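Engineer: Just the structure for this:
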Amino acid sequence: MPLTAQFVRNLQRFRLVTFDVTDTLLRLKDPTTQYIQTAAANGVASLDRTKMELCFRQQFKWMSKKHKNYGRNTPNMEWQSWWLQLVAKTFNCVDANIPQDKLQIIAEQLLSLFRTSACWTHINCAAELVQCVRQAGKCVGVISNFDPSLPQVLSAMGFDKKFDFILTSYEAGVMKPDPGIFQIPVKRLQIAPSEALHIGNKFDLDYLGARNSGWSSLLVQSQPDPKLDTSSAAKYSFPSLAKMLQTLESQEFAW
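Structural biologist: Numbering: from 1, shown residues only. The predicted structure is shown next:
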């Protein structure tokens, strides 16, 4: 798609633009349904959906606290093991009588399934915005709190070769909003933090994480975070990527 002169001017100060992934570029379709359907295909039926959602949230919170960053710093724990344990704990929470051998099969199938296009959908205008940034001649990257399978997910969703680099928290060793993850790409590219822009959907992790690291940042949220400071941060927040792109293409933007 052709670039507008205004879009080029709005991004003129930046040499690097990075994106978050989950709920910024891509969205999970319906993970609870995937869990229930995969279980049913292996002979485990009639699982309560509400309880599944509650158990997943509880176990994800526990695993994230006990083994941070997908087990990155837990001795003898690979990221795959982190997910397998999470799935097993979730199903055990829903129904403690599920045989362990079936749990292992279900967990392994889900681990593979969530790295394919079956579980993800594109957010409107995500591909267009990434392409416009590329056409503007910027280095385009990903900074995401994710395990090392992220390149596989992005490739499956048609983002193959759309990014100059993909930096996961697992690779970085720290998670957003830690400044350490934002320091890595600017050091690699030998640019100033003020020449970098990050786009994400979390006020604390993406918006503040980037700004506290000396970057500029834009926020996309269909429902604004209550912590959003209307006197300053609000003007950098958009209800959708489509609105963000439209604004950058048509209006002068004051950073």
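Engineer: Report the separation between the two terminal residues of stretch 180-197.
Structural biologist: 16 Å (CA to CA, to the nearest Å).
Engineer: Report the rounded mean pLDDT for that stretch.
Structural biologist: Stretch 180-197 carries an average pLDDT of 98.
Engineer: Strand partners (parallel or antiparallel) of the lowest-mean-pLDDT helix or strand in the chain?
Structural biologist: Confidence across the helices and strands of the chain bottoms out at strand 237-238, with a mean of 94, counting by mean pLDDT, DSSP states H and E. Sheet pairing for strand 237-238, assigned by DSSP bridges, gives strand 216-220 (parallel).
Engineer: quick one: contacts of the strand it pairs with?
Structural biologist: For strand 216-220, the surrounding residues in contact (CB atoms under 8 Å, 6 or more residues apart in numbering) are 14, 24, 194, 196-201, 203, 206-211, 225, 228, 233, 236-241, 244, 255. In short, each C-beta sits where N, CA and C put it, glycine included.
Engineer: quick one on the thing from earlier: quick one: contacts of the least confident helix or strand of the chain?
Structural biologist: Outside strand 237-238, the residues touching it (CB under 8 Å, 6+ apart) are Tyr207, Leu218, Leu219, Val220, Gln221, Pro224, Leu228, Met244, Thr247.
Engineer: how many other residues sit next to the first one?
Structural biologist: For Tyr207, the neighbour count with other CB atoms under 10 Å is 27.
Engineer: Does it touch Ala233 like I think?
Structural biologist: Yes - with contacts counted by CB atoms under 8 Å, Tyr207 reaches Ala233, the gap being 6.5 Å.
Engineer: Which members of the contacts of strand 237-238 are classed as buried?
Structural biologist: Tyr207, Leu218, Leu219, Val220, Gln221, Leu228, Met244, Thr247 (16 or more other CB atoms under 10 Å).
Engineer: I'd like the residues you listed as CSV, with distance to Phe182 and pLDDT appended.
Structural biologist: Output for the buried ones among the contacts of strand 237-238, formatted as CSV (distance: CB to CB, whole Å; pLDDT from 0 to 100):
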residue, distance to Phe182, pLDDT
Tyr207, 12, 95
Leu218, 15, 97
Leu219, 15, 96
Val220, 18, 96
Gln221, 20, 92
Leu228, 20, 71
Met244, 20, 97
Thr247, 24, 97
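Engineer: For stretch 163-182, measure first residue to last.
Structural biologist: 16 Å.
Engineer: Ok, stretch 145-155 next?
Structural biologist: 17 Å.
Engineer: And for stretch 248-255?
Structural biologist: Across stretch 248-255, first to last residue, CA to CA, it's 12 Å.
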